[in-house]
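[1] model the structure of this input:
(chains A and B)
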Amino acid sequence: MAAWDLNVTVEDLGPDAPPLQISVNSDLHIGGVILKLVEQTNLKRDWSDHALWWEQKQQWLLRTGWTLDKCGVHADARLIFTPQHKPLRLGLPNGATLKMRACFSSPVFRTVMGICRVLNLRHPEELSLLRPVEEKKKKKDKDSSEELYDLTDVPLTAGSVQALYNGMPAHFADSPKTEAVYKMLSVSLPSPAPEAIAKLYRPASVVDKTHIHTRWLDSSRSLMQQGIQENDKLGLRFKYYSFHDMDPKYDAVRLTQLYEQARWAILLEDIDCTEEEMMLFGALQYHIGKLSLSQDVVSSCQGMDDLESALKSLEVKMVGDSNSTDMLDNMTAPELNDYLKIFRPKRLTLKGYKQYWCKFQDTSISYYKSKEDRCGEPIQQLNLKGCEVAPDVNVAGQKFCIRLLIPAPEGMNEIYLRCENEKQYSQWMAACKLASKGLTLLDSSYQSEVQNIQTFLSMQRSSSAAPTAQTDDSINTHSLVSPRYQKKYKPKQLTPRILEAYQNVAQLSLTSAILKFLQIWQALPDFGISYFMVRFKGSRKDEVLGIANNRLIRIDLGVGDVVKTWRYSNMRQWNVNWDIRQVAIEFDGNINIAFGCVNADCKVVHEYIGGYIFLSTRARQQSDTLNEELFHKLTGGHEAL
Amino acid sequence: MDDIDAMFSDMLQEMDLLTQSLGEEAESAPLPKPSTIPGPQEMNFSVGFTDFNASLHNLEDNDLDALMADLVADISATEEKFATEKDTSKGSAPVAPIPSQPQSNFSLPASNDTSRHATFSNSIAAPPPPPASKPSKDELEEQVKADKIKLALEKLKEAKVKKLVVKVEITDGSSKTLMVDERQTVRDVIDNLFEKTHCDCNVDWSVCETNPDLQTERGFEDHENIVEPLSTWTRDTENKVIFQEKKDKYEVFRNPQNFYMWKKEKQSLKDMKEKDKEQLLEENFCGASVIVPDLEGVLYLKEDGKKSWKQRYFLLRASGLYYSPKGKTKASRDLVCLVQFDNVNVYYCKEYRIKYKAPTDHCFILKHPQIQKESQYIKFLCCDDEWIMTLWVTGIRIAKYGKQLYDNHKAAVRKAAGSATWANRTIQASSSPSTPSPTPKAKAANGHAPQPAVETKGSSNQTSFPPPPPSMETLPPPPPDPMLPPPPPAPPSTTKVNKFPPPPQFPQSSFPPPPMDDLPPPPPPPPEDSELPPDFLPPPPPFFSSCGGEALPPPPPDPMASLPPPPPAPQNFASSGGAPPPPPPPPPPPAPAPAANKPAGSIRKVAPPPPKRTTPQLAAPSGGNLMSELMTAMQKKRTQ
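    Residues are numbered from 1 along each chain as shown, chains lettered A, B, ... in the order given. Have a look, this model is predicted:
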């Protein structure tokens, strides 16, 4: 067979080097071409990651056993000999950018698996890559060099077994630099400055929310095939809202990143919530932020933390049970005794605060006319069990009131306690808080409760100062809520409301606080719905199709209401007509729907539906191995096969 | 006989003390003290229900007997527990000797004495312990002293436990009187009532409280502590506790589609497949967070303190009940929160059309449990019809209790199945037709029981105490098989442990469950076996036919796998069929898998009972068969 010349650009020779010309036969296989090529370069290095990329056809020639003929390569082909793994700038859910090597030759689905393995993120099938928002501000502040974490030196580990070292995967423990990366991944970042939130893009309507889906990459094709170049920036996000087998012991990074994604979804009004919910989210963010700052990642992973605390409490219990003298000592309960001002608002009275000698014992407050009368009968005894406790505090105005709503058969009794100073307030407030839950001053959480209240007060003190990002203990409460509430409330008004919500979560551990945040997020009515602009067959106007993990919903753009819901469990089949780019779905009872996508590619819709069905096949006790083929079968479309 | 007398007087004294402590806690005003048997009456007076006094006089003898039985069981349980503790502490093996325990209880009058001191002094004043322990210090040696302190503490703890005597009305017009304590859940009370009444024990039975002042009714949730809501009643209350079937209690788990797909026509949801229902429940109750039905619609709201009812558009969210103010959209940001559920309960109301001029009689209120009279802090809501009311009330309960409700239901179903089979079994056993067979033996073992009423108590004691350890020891076979869902005995015992940190101090409350669960194992096989196939069998056939094109068949034993196959568009695979390697032989793997599971499963479930079966004539035949089956199965496995 006649030999002919093949031009191959070898990237390692430099950008300006001319293509190498090698003489080949049509029945030479790809491996042979590479061998010839490497010999000709005269470079001694590890070529094992290199492969041939066919530029005109936008495809990799990865089957080394195939002949040029079989691949369809002729003399006019321009091939490039290039590494399959290239650095990529990865925008993480927490907003940080991480530079790391990713595979440019395998389908994005597998590339994501590789990335997640390095990041120690389990269940990579829930994530995917998307192109960043077209950055308009690029011209404006090009100089602002974003902080870049670098993981490009870390080799991609082939094995899936992750040895832990110092509480982190071994490949992070190499150097302080990589340790910092792991910390960034596994510990939630401080709250952003409110201005930063306000500056970021927020979807204003459901139509805006459909745009994100124009940016997802195709899971069944490689990065290179989708025009992604070395050092390009891509976002890594949880794409499917179905989080399998969340286990704080193994999922430090996953939990943190999911929390960050949820937090940003809420701050950027990606998902709507009510004011009450926003306050609770704010309180949880504050709590998580505070705990994260004080946490030393390297010495203890979260799993250990929980275990330790569990052991400790067990120890306390054992001691308490076995040591009878201790128990006897404990019988004399501690009390709080002080002069406080009490005010009972009643209709048509203008009486103000009056000073009494107050005694806090067990779960009740008894008050007396004066200290001297304390041995006699109290004027009244208030049992706080089951009552509502709310702060009424203004640090600047030196007002420290506790509002108590004490349930009684006739209704609620409203009583205000006014304290002199922060210290007194925090002690009494903590006691009231515990008593409302039926706990006494004896409870171990009392001291930490006092502490929490004090730090929160200091937060209010500093919030009147210049807005700053979260530093030590101080924080601007505006950075905990979405711009809508930043506009609606001044920090002075916002802080007490968040404080109120905070009291219900202050005792949570870091992990449980994050889990709680995720739980409330997942309980929002609009949670987990991905919106697509579509046009239904036979309809003349654009409508919105929402895809969730168990159903499809049809939303009328005019009214903004859900018109129809179809559940996957009733779905018989769905298919895509790739020629006219139309998705057709058949449900039980001969219900057929068909639609075309207006702004996103119909492959994305197809992948979403197939993806959710794939995710639902994950059984509870299945091993880690992912059934890639099934995924591609469900999501790939005709190109995949 | 002397023994019994001594014990009885001991017991009475004990009750005296208990009631004194109770009286202290309830800070009740002195009420007329009736004569006859002092113990129970004082209990009652400390509770402070006025109607109760009257009802006490009407109490029938058997009620009193039952109460006494409760008390006896109560006291002896504490001591038994202590006795075992002491045994172990002294180094003797924890054999849990049933017969020896009573002896040790009553042959130790000295320790009883100290305990009495302790409880007594403590019940009178808050910081009492020192005086209690000091006298004993002087009199006795070190070892004994330590023991006594321990016992005293134990008693003290026991004395501190709040107890109430409750009269429960039953729908057939009769009533039962029970003593309940702080640690008991509503579930325990229901079980107790199942024992005492002869109802069908289905899951709908619930304990409800009614408030005639507000004309409300609320079914307690199974996990609630019964004493808590009862202690919020006022002294002169007319409130009642009623034991009745309530269809709406667990309706959401029977027909979840009516709640979660309420927007659709009910007719079209009527014949939803069981499998779909289960999936619906799984989606909404088994995820990371419970999904609350997305209820929304117009309800009438009686505004704080006003007389008029206003229409508002309400929405239910996990975080609370919201309405959208006039002129605003339904968007989350515009919603106004009417109430959050942390501190309130939801109550059905009766005849509010007359009482509050409500638009309809289908009203419910949200209030703090302690509020017993009309108040501006109560939220009054009114619905167009009964079904809408059920929807909202159920929705609110889901929002408030979350997964707990689901767990309650599962436990209730297990219980119901257990008690049903219990009944079957006794009939088959053909020993004594009405009473369970173990009773006589129990009586023998617990010999000291003076009253007939104790018999029932004793039976529960007897059956419950010995079985648990053996069940743990004889059951090892099950664990190796992780595929099988609920190994019947294990879950109940663990839940029990969780709910009752203090050990078995109140046997008739905490222990009836075990006997039920010890017994069911034989019966469960039928129902659970029939459950198995749907789980394991269906996937294979449709699955492989639809994805035949590929080399490696996806996970065969995966139950969910049946889902994906239908969707994959035939079109997709039509093109694929030719290119890749020829269809592999997928059928083999799935076939052995279920087969292996199934025999193991049925055997596993049935096998355990035989060893501890008290009536061999029943268990032997089936047990023998199964044992041999098990053997063959094991051998097969070995040869493979």
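
[2] apart from its chain neighbours, what residue comes closest to the closest residue to chain B within the stretch 251-400 of chain A?
    Taking CB to the nearest CB, chain B has its nearest neighbour within the stretch 251-400 of chain A at residue A:272, 3.8 Å off. In short, each C-beta sits where N, CA and C put it, glycine included. The shortest distance from residue A:272 to any non-neighbouring residue, by CB to CB, 6 or more residues apart in numbering or on different chains, is to residue B:332 (3.8 Å).

[3] what's the burial count for that neighbour?
    21 (other CB atoms under 10 Å in any protein chain shown).

[4] isn't it right next to residue A:273, touching?
    Yes. Applying CB atoms under 8 Å as the test, residue B:332 and residue A:273 come out as touching, 5.3 Å apart.

[5] residues shared between the contacts of those two?
    residue A:524 (CB atoms under 8 Å, 6 or more residues apart in numbering or on different chains).

[6] quick one: list the elements packing against the host helix or strand of residue B:190.
    Element membership of residue B:190, judged by DSSP states H and E, is helix B:186-196. If you count contacts as 3 or more CB pairs under 8 Å, 6 or more residues apart in numbering or on different chains; DSSP states H and E, helix B:186-196 packs onto strand B:163-170, strand B:175-181, strand B:205-211, helix B:403-429, helix B:454-464, helix B:507-510, helix B:513-518.

[7] the domain parsing of the chain - what is it?
    In the absence of a named chain, chain A is used. Structural domains assigned to chain A are A:4-83, A:336-441, A:530-636, following the TED database.

[8] sorry, I should have been clearer: chain B.
    Residue ranges for each domain of chain B read B:42-75+B:160-249, B:251-418, as given by the TED database.

[9] verify the stated contact: residue A:340 with residue A:417.
    Yes. The pair residue A:340 and residue A:417 passes the contact test of CB under 8 Å, sitting 5.3 Å apart.

[10] measure how buried the residue nearest to residue B:219 when sequence neighbours are not counted is and give me the count.
    Take residue B:219 and drop its neighbours on the chain: the residue closest to it by CB to CB, 6+ apart is residue B:206, 4.2 Å away. By the criterion of other CB under 10 Å, residue B:206 has 21 neighbours.

[11] list the contacts of stretch B:271-278.
    Stretch B:271-278 has contacts (CB under 8 Å, 6+ apart) with A:569, B:255-257, B:534.

[12] separation between residue B:174 and chain A?
    29 Å (CB to the nearest CB, to the nearest Å).

[13] returning to that earlier point: more crowded one of residue A:340 and residue A:417?
    Between residue A:340 and residue A:417, counting by other CB under 10 Å, residue A:417 is the more crowded of the two (26 against 23).

[14] which residue comes closest to the more buried one once chain neighbours are left out?
    residue A:402 (4.4 Å).

[15] returning to what we had before: any idea how far the residue nearest to residue B:219 lies from residue B:247?
    Here the criterion is CB to CB, to the nearest Å. By it, residue B:206 lies 10 Å from residue B:247.

[16] got it, and residue B:346?
    From residue B:346 to residue B:247 the distance is 17 Å (CB to CB).

[17] residues near the closest residue to residue A:200 other than its chain neighbours, how many?
    Spatial nearest neighbour of residue A:200, excluding adjacent residues (CB to CB, 6+ apart): residue A:268 at 6.0 Å. Residues lying near residue A:268 (other CB under 10 Å) number 16.

[18] residue A:201 is in contact with residue A:268, correct?
    Yes. The pair residue A:268 / residue A:201 is scored as a contact, 7.5 Å apart, by CB under 8 Å.

[19] which residues does residue A:267 contact?
    Per CB under 8 Å, 6+ apart, neighbours of residue A:267: A:192, A:197, A:481-482.

[20] which of those sits closest to residue A:355?
    Nearest to residue A:355 out of those is residue A:481 (CB to CB; 37.8 Å).

[21] output the set of residues of the stretch 501-641 of chain A in proximity to chain B.
    A:504, A:515, A:518-520, A:522-526, A:550, A:560, A:565, A:568-569, A:571-576, A:609-610, A:613-614, A:616-619, A:621-622, A:627, A:629-630, A:633-634, A:636-638, A:641 (CB under 8 Å from any CB of the partner chain).

[22] just those: which are in helices?
    Among these, DSSP state H puts A:515, A:518-520, A:522-523, A:609-610, A:613-614, A:616, A:629-630, A:633-634 in helices.

[23] can you tell me which of the domains of chain A is nearest to residue A:222?
    domain A:4-83 (6.6 Å).

[24] endpoints of the closest one, how far apart?
    Using CA to CA, to the nearest Å, the end-to-end distance of domain A:4-83 comes out at 25 Å.

[25] next: stretch A:334-353.
    27 Å.

[26] buried set for it?
    When burial is assessed from 16 or more other CB atoms under 10 Å in any protein chain shown, stretch A:334-353 yields the following buried residues: A:336, A:340-343.

[27] share the number of residues neighbouring the residue nearest to residue A:112 when sequence neighbours are not counted, please.
    Spatial nearest neighbour of residue A:112, excluding adjacent residues (CB to CB, 6+ apart): residue A:124 at 5.1 Å. By the other CB under 10 Å criterion, the neighbourhood of residue A:124 contains 20 residues.

[28] contacts only, for residue A:124.
    A:112-113, A:115-117, A:626.

[29] ok, of those residues, which come out buried?
    Buried among the contacts of residue A:124 (16+ other CB under 10 Å): A:112-113, A:115-117, A:626.

[30] got the residues of the stretch 151-300 of chain B near chain A?
    Taking CB under 8 Å from any CB as the measure of proximity, the stretch 151-300 of chain B contacts chain A at B:153, B:232, B:234, B:261, B:263, B:276, B:279, B:283, B:287-292, B:294.

[31] actually the stretch 351-500 of chain B, not the one I wrote
    B:368-373, B:375-378, B:482.

[32] let me have those in TSV, adding secondary structure as columns.
    As requested, those are exported to TSV (DSSP: H, G, I helix; E, B strand; the rest coil):
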residue	secondary structure
B:368	coil
B:369	coil
B:370	coil
B:371	coil
B:372	coil
B:373	coil
B:375	coil
B:376	coil
B:377	coil
B:378	coil
B:482	coil
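
[33] quick one: buried ones out of the residues of the stretch 151-300 of chain B next to chain A?
    By neighbour count, with 16+ other CB under 10 Å, these hold B:153, B:232, B:234, B:261, B:276, B:279, B:283, B:287, B:289-292, B:294 as buried.

[34] from those, which is closest to residue B:193?
    For those, the closest approach to residue B:193 (CB to CB) belongs to residue B:232, at 21.5 Å.

[35] hang on, that closest one packs against residue B:239?
    No. Taking contacts as CB under 8 Å, residue B:232 lies outside contact range of residue B:239: 9.5 Å.

[36] which part of the stretch 351-500 of chain B gets nearest to chain A, residue-wise?
    Chain A sits closest to residue B:375 of the stretch 351-500 of chain B, with a gap of 3.0 Å, by CB to the nearest CB.

[37] how near is that residue to residue B:170?
    Counting by CB to CB, the gap from residue B:375 to residue B:170 is 31 Å.

[38] repeat that for residue A:502.
    Residue A:502 is 47 Å from residue B:170, by CB to CB.

[39] between these two, which one's more packed in?
    More crowded of residue A:502 and residue B:170, by other CB under 10 Å: residue A:502, with 22 against 16.

[40] output the below-cut-off pLDDT ranges for the stretch 501-641 of chain A.
    Where the stretch 501-641 of chain A drops to pLDDT under 70, the residues are A:619-624, A:637-641.

[41] whichever residue of it sits closest to chain B bridge partners, please.
    Nearest to chain B, among the residues of the stretch 501-641 of chain A, is residue A:575, at 2.9 Å (CB to the nearest CB). On DSSP bridges, the residues paired with residue A:575 through beta bridges are residue A:584.

[42] ditto for residue A:412
    With DSSP bridges as the rule, residue A:412 is bridged to residue A:407.

[43] my guess is residue A:251 meets residue A:122, correct?
    Yes. With contact defined as CB under 8 Å, residue A:251 counts as touching residue A:122 (5.9 Å).
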